[in-house]
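Engineer: Whatever this is, show me its structure:
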Amino acid sequence: MKSSAPAAPKRFTLKVALWLLDSPRLGHKANVKHLAGRMLKQPAREGVVVAQSRLGQLMCRDCGNARDQRIGQELLRQAARAGDPGAQTALSHLRRS
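Structural biologist: Numbering: from 1, shown residues only. Next up is the predicted model:
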């Protein structure tokens, strides 16, 4: 019988990362964004669409180097293909600029 225990910490980590980014007091701080980005990395790799979308937006908006921005754009493309409206909007803004 397979246990679902490993999924719970991942889901918790994802929720905490999203909460940090959405927090009016914390979400704009660079160190909080960095922590949230690290927390979103594994779920995004595993194909969790909301993690791909939020990490992609974070990387495109807040990372200065071209490599991170390319990775962020690819994450946004994956999330947009999966139907995430936030990723679709972010991609359209990137294309216009």
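Engineer: Could you tell me how many residues sit around R61?
Structural biologist: R61 has 13 neighbours, counted by other C-beta atoms under 10 Å. (Each C-beta comes from the backbone N, C-alpha and C, glycine too.)
Engineer: Please report how far it lies from A90.
Structural biologist: Between R61 and A90 the computed distance is 8 Å (C-beta to C-beta, to the nearest Å).
Engineer: so where do the helices sit in this structure?
Structural biologist: Ranges of helices within the chain are 7-22, 30-45, 49-62, 66-81, 85-96, based on DSSP state H.
Engineer: So for C63, what's the nearest residue that isn't a sequence neighbour?
Structural biologist: Q69 (5.9 Å; C-beta to C-beta, 6 or more residues apart in numbering).
Engineer: Check the one you found and give its pLDDT.
Structural biologist: What the model reports for Q69 is a pLDDT of 92.
Engineer: Equivalent analysis for A5, please.
Structural biologist: pLDDT, A5: 47.
Engineer: do the same with K2
Structural biologist: Listed pLDDT for K2 reads 46.
Engineer: and what of Q57?
Structural biologist: 95.
Engineer: Ok, G27 next?
Structural biologist: Taking G27 on its own, its pLDDT is 93.
Engineer: wait, what's in contact with it?
Structural biologist: G27 sits next to 20-21, 33 when contact means C-beta atoms under 8 Å, 6 or more residues apart in numbering.
Engineer: Cool, thanks, signing off.
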